[in-house]
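Novice: Need coordinates for the below:
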Amino acid sequence: MTNLPYPAPQVHLPRDGGDIMNLADLKPSAVVLFFYPRDNTSGCTVEAKTFTSLLPEFEALNTKAIGISKDSVKSHDKFVLKQKLKVPLLSDEDGDVCEKFDVWKEKSMYGKTYFGIERSTFLV
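Specialist: I've put the predicted structure just below:
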């Protein structure tokens, strides 16, 4: 988990279910913000289910857990339903928030380079 050395960038994004979430509205709670590459992939599913299982512990510490990827709200809705997730998932389709948190990185797989989200977690 990474603590930001500066005030966190503004986050105002659509979430699963269609509502808009603004992190500033969650004050004075702390927020565990996790960025993940893609809905319904094995590693991302394990991560989201783990955060869901830890929600009672976060709530006891007045802390919210929220996931962000570039997947659409529709994709998030399917992911939440299929995996029975309780953690809110925000859609950053244009990648602005990913860029602000510096998680949009050049990656490499099987000799090919591409850009994607580097799995990252922040305490805000």
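
Novice: how much space between the residue of the chain most remote from its centre and Ile68?
Specialist: Taking Cα atoms, centre = their mean as the measure, the residue most remote from the mean C-alpha position of the chain is Gly111, 27.4 Å away. Shown here: Gly111 relative to Ile68, a distance of 29 Å by Cβ to Cβ, to the nearest Å. Just so you know, the C-beta spots here come from the backbone N, C-alpha and C atoms, and that holds for glycine as well.

Novice: how long is stretch 79-96 end to end?
Specialist: Across its full length, stretch 79-96 reaches 22 Å end to end, with Cα to Cα, to the nearest Å as the criterion.

Novice: Just the buried residues of it, please?
Specialist: 79-80, 83, 85, 87-92 (16 or more other Cβ atoms under 10 Å).

Novice: Show me these that map onto helices.
Specialist: The subset of the buried residues of stretch 79-96 located in helices under the criterion DSSP state H comprises 79-80, 83.
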